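*Asks:* missing the sequence, but the structure's below:
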């Protein structure tokens, strides 16, 4: 297994917001989901996931509630707020611009 | 919304730290367990599964910290820490807390109270829905120099203006409430129907006036004020449709206005204006019909600013005045005067503005002195904490953090004082409303609203920062090495701190001197006023008015003569007289008119002197004790001849008396006796002959100079209208004669009340009331200031002496005499004092111009006041520093040297 690519600074927020746009999830599920969707390319370290979640929550882009998990345990579920949804749009847009610019340079 | 969420989350993170941490632990445990489950499912042994999971999880405590950082509670936590630390510190130093709370409580209470008055009178909008668009329409009429309009202008303005939605006219008057056991005088206002619509207030009960209830044909209806309805009619819910008799005329009550609707102020009953008759008052004016003086208010159209209205009024004046130039000239109007429009609030309350601005400034200076005092005190405390601060700095605390810490401490120190101050201010405002000083009687009740609360909180913060900033900056800039090295001498602080404290004490002495001078000027002005020669003896004089019942325009001469004779019959009455204008009652200013001296070149009408005149009965001068300086008093034989100009109130030839001011003005160096004056327009041909000169009398207010007066006689046989005043010289205390006089009046007319009953002494006191009020407040503020300043001087001098204890000890040990030591310290005191006096005199010279309008008979840079107050300040400073200076002279070298 190759070493997972380090996430570009700031993109973790985008990934979390995007993942939560589908449905409310707990931290574990967010990590699993990112790993799954990226075909194991992106592995979010817990050490960066939870501070990021807390940061996003303090920005009021996501909100947390305690709920029941699939195996009947108490888990903290995160969901997007209205402001978070707007933030997601903004970040996705600037990501598109950035990645297009980078690909253009790499391919040139 | 997001902001609210963020603030809520920050507070949760800061104040419910335990819960937040628990949440984090549980969240991480859940993650860990899921990892273990996954590992087990992948076929690992339980031990391995757990180890693997732990490894994957990484260094838990480190990212827990990161989570904490992500919550960004730094600022709040620092603030809380600072506050906790500050409170702990203060508990250790109750003296400081006590002094700060006491000083701030008094000063913040004074400021809050003064601001409540300013807010209630100058800032808070009038309680009418349209208050921001209501203008007062004013013109100075030639008839009696009052700020009112005339009836033709009312109609012309309504029809021709482009900026007002509507214009309403009204007249304040009094009416006798008859048909009750004891008839009494009511304050009424005759208003045009749109008056209520213009102000925008809806009635509590019934209706307002309808559009057709105007002019001579208006129905006999009445609208009551809330206070009258509640206090006098027992809040009768079925009052609408009942009748009330005013001047014996029954009127149907059609409405009751709600509480707070009080315009013109004090009105008890509103009636339709009957004198505003379109047929006779509107252009073209029929000849020989009187026009009337009216008050007017107008509602500006939306979007028209007060200044735009003022500009339009200039244009309008010319248009309106061009309609009836002759009529106005005949009544002494000057063509160059314009009809003005000023916001109603300004018109009603603006008079108090200069006094309130001056008081606000004065009370602000008091607070400034308190700040300087506290800064001084904190500086002394900070000096004793320099070691602690130096250690904190050495251990890595930032200077900014120290600054924050010190400022937090000063805010925490200020809060109890602020709260106590607000409580005191509440009491003070209650007291003001209960005592109702005469100055404030005609103004709305003082109330504390959100503006006052905001003001006080803001003031507290500003104050705390103000008195905290100097000590905080000085604390944050200490040199670690110096402080830690100098082990024993840290108690006194550095040379810099001493200099700073001297500057502060000079500043507070300077500001105190400014306040002392202000109070001194007001006091001199008050003395000047209270010693004003009235021109008559004010003891044993009773005065009152009668507003005869019956239709306006009736001739009441016989009635007044009868009343006068009945009063003169009383045994306790020495003498009594009728007069249109009771001296020192500012209710009615004497009317004025233009005169021309017969035998001099004829000047254009607008350039002739304008002279006040009044009518009195011959006994007036004897009753008041006004001296006859030249010639004689008139008698009934002086009057003969036909009435002139179709005007019933002027004779072809009339004998008049004039006062000395008149002689100085019109006949300087000439003998006025026998000279003739033509009053009013030449066409009127009313000629008055001067038969005597009498002494000057303060006829309106104490501050104003005696006006040039012409006295006409009520005995001339001319008809008398409306309200007249009476002056009665009694042989007993004047109050005891009231009953008997009332009975005598009733013997002439059973229903006729007398009103505005006051002894002349009371009128004189009332005339001094505004000045007494100002003096009381200025005096109080100056007193607080001087006490604070004295405390500041004492503290600083004690500090300076204690700082030099060792030096003085050495000097004494080397042979300095106590006198020399005394001189040494004394020189320091006088230097500070001299600087303070220079600063204070300069400040006063720049600032006293703001109280110029409050001063009578004393210049705002009155040298005597400046010198006296400076000397007074010097005495206070010397007294306050006597202790410390004396202590310096008594320093025992052995103790002083052993101490350190």
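*Replies:* Structure received. Being a predicted model, the structure only gives us computed values, none of them experimental. Numbering: from 1, shown residues only, chains lettered A, B, ... in the order given.
*Asks:* rest of the way, CA atoms for contacts and neighbours
*Replies:* OK.
*Asks:* would you list every one of the strands in chain A?
*Replies:* A:25-26, A:62-68, A:74-80 (DSSP state E).
*Asks:* Out of those strands, flag the one nearest residue B:785.
*Replies:* Minimum separation from residue B:785 across these (C-alpha to C-alpha) falls at strand A:62-68, 55.9 Å.
*Asks:* Check which residues of the closest one are buried.
*Replies:* Within strand A:62-68, the residues scored as buried using 16 or more other C-alpha atoms under 10 Å in any protein chain shown are A:62-64.
*Asks:* Stretch B:802-810 now?
*Replies:* B:802-803, B:805-806, B:808-810.
*Asks:* quick one: which helix or strand includes the spatially most central residue of chain B?
*Replies:* By C-alpha atoms, centre = their mean, chain B has its centre lying nearest to residue B:356, at 3.9 Å. Applying DSSP states H and E as the criterion places residue B:356 in helix B:353-384.
*Asks:* Nearest to chain B: which residue in chain A?
*Replies:* Residue of chain A nearest chain B, by C-alpha to the nearest C-alpha: residue A:51 (4.2 Å).
*Asks:* Distance-wise, check that residue relative to residue A:59.
*Replies:* According to C-alpha to C-alpha, to the nearest Å, residue A:51 and residue A:59 sit 12 Å apart.
*Asks:* can you check residue B:178 too?
*Replies:* 75 Å.
*Asks:* Could you do residue B:85 as well?
*Replies:* 30 Å.
*Asks:* what about these two, which has more around it?
*Replies:* residue A:59 (21 against 15; other C-alpha atoms under 10 Å in any protein chain shown).
*Asks:* phi, psi of that one?
*Replies:* Main-chain dihedrals, residue A:59, degrees, to the nearest 10: phi -80, psi 0.
*Asks:* wait, what's in contact with it?
*Replies:* Neighbouring residues of residue A:59 by C-alpha atoms under 8 Å, 6 or more residues apart in numbering or on different chains: residue B:6.
*Asks:* just the helices in chain A please.
*Replies:* For chain A, the helices defined by DSSP state H occupy A:11-22, A:27-37, A:46-58, A:82-107.
*Asks:* Just give me how far the third one sits from the chain centre.
*Replies:* Right, the one you point to is helix A:46-58. How far helix A:46-58 lies from its chain's middle: 10 Å, per C-alpha atoms, centre = their mean, to the nearest Å.
*Asks:* doesn't residue B:178 make contact with residue B:186?
*Replies:* No - applying C-alpha atoms under 8 Å as the test, residue B:186 and residue B:178 come out as separate, 10.1 Å apart.
*Asks:* Between those two, which has more neighbouring residues?
*Replies:* Per other C-alpha under 10 Å, whichever of residue B:186 and residue B:178 has more neighbours is residue B:178, with 21 against 18.
*Asks:* one step back: from the buried residues of stretch B:802-810, pick the one nearest chain A.
*Replies:* Nearest to chain A among these, with distances taken as C-alpha to the nearest C-alpha, is residue B:803, at 52.8 Å.
*Asks:* Tell me how far that closest one lies from residue B:369.
*Replies:* 24 Å.
*Asks:* Just want the most central residue of chain A.
*Replies:* The centre of chain A sits closest to residue A:16, judged by C-alpha atoms, centre = their mean, with a distance of 1.4 Å.
*Asks:* ok now do it, which residues does it touch?
*Replies:* A:30, A:53.
*Asks:* For chain A, list the residues in contact with chain B, please.
*Replies:* Proximity of chain A to chain B is confined to A:27-28, A:45-48, A:50-52, A:54-55, A:58-60, A:74-76, A:83 under the rule C-alpha under 8 Å from any C-alpha of the partner chain.
*Asks:* Just the buried residues of the residues you listed.
*Replies:* Members of those classed as buried by 16+ other C-alpha under 10 Å are A:27-28, A:46-47, A:50-52, A:54-55, A:58-60, A:75-76.
*Asks:* Next SSE downstream of the helix or strand where residue B:456 lies?
*Replies:* Applying DSSP H and E as the criterion places residue B:456 in helix B:450-476. Downstream of helix B:450-476, the first helix or strand assigned by DSSP H and E is helix B:480-485.
*Asks:* what are the ranges of the strands in the stretch 751-900 of chain B?
*Replies:* B:755-759 (DSSP state E, counting those that start in this stretch).
*Asks:* Please enumerate the helices of it.
*Replies:* Secondary structure of the stretch 751-900 of chain B, counting by DSSP state H, counting those that start in this stretch: helices at B:760-803, B:805-813, B:818-847, B:863-889, B:893-899.
*Asks:* Just the residues contacting the second one, thanks.
*Replies:* Contact with helix B:805-813 is made by B:818, B:821, B:888, B:891-894, B:896-897, B:900, as judged by C-alpha under 8 Å, 6+ apart.
*Asks:* Between those residues, which sits nearest chain A?
*Replies:* For the contacts of helix B:805-813, the minimum distance to chain A (C-alpha to the nearest C-alpha) is 55.4 Å, reached by residue B:900.
*Asks:* what phi and what psi does the backbone show at residue B:659?
*Replies:* Dihedral angles (degrees, to the nearest 10) for residue B:659: phi -100, psi 170.
*Asks:* That one pairs with what?
*Replies:* residue B:694 (DSSP bridges).
*Asks:* by contact count, what packs against the helix holding residue B:456?
*Replies:* Packing partners of helix B:450-476 (3 or more C-alpha pairs under 8 Å, 6 or more residues apart in numbering or on different chains; DSSP states H and E): helix B:94-118, helix B:353-384, helix B:399-435.
*Asks:* now the angle between helix B:353-384 and it, please.
*Replies:* Angle, helix B:450-476 to helix B:353-384, by axes from the mean of the first three to the mean of the last three C-alpha atoms, to 10 degrees: 30 degrees.
*Asks:* Let me see the mean pLDDT of the helix or strand that residue B:326 is a member of.
*Replies:* Using DSSP H and E, residue B:326 sits within helix B:325-330. Helix B:325-330 shows a mean pLDDT of 67.
*Asks:* ok, then the element right after it?
*Replies:* strand B:340-343.
*Asks:* what lines up beside that following strand in the sheet?
*Replies:* Strand B:340-343 is paired, per DSSP bridges, with strand B:134-140 (antiparallel).
*Asks:* Which positions within the partner strand qualify as buried?
*Replies:* Buried residues in strand B:134-140 (16+ other C-alpha under 10 Å): B:134-140.
*Asks:* What's the local residue count around residue B:95?
*Replies:* Residue B:95, neighbours per other C-alpha under 10 Å, totals 11.
*Asks:* Let's see the pLDDT reported for it.
*Replies:* 82.
*Asks:* Same question for residue B:412.
*Replies:* Listed pLDDT for residue B:412 reads 88.
*Asks:* So it sits against residue B:88, correct?
*Replies:* No - in this structure residue B:412 lies outside contact range of residue B:88 using C-alpha under 8 Å: 10.7 Å.
*Asks:* neighbour-wise, which of these two wins?
*Replies:* Between residue B:412 and residue B:88, counted using other C-alpha under 10 Å, residue B:412 has the larger neighbour count: 20 against 12.
*Asks:* who are the neighbours in contact with the more buried one?
*Replies:* So residue B:412 contacts B:83, B:86-87 (C-alpha under 8 Å, 6+ apart).
*Asks:* Nearest to chain A among the residues you listed?
*Replies:* Nearest member of the contacts of residue B:412 to chain A, counting by C-alpha to the nearest C-alpha, is residue B:83, at 24.3 Å.
*Asks:* now the angle from the helix or strand hosting residue B:52 to helix A:46-58?
*Replies:* Taking DSSP H and E as the criterion, residue B:52 maps to helix B:46-57. Comparing the axes of helix B:46-57 and helix A:46-58 via the same axes, to 10 degrees yields an angle of 60 degrees.
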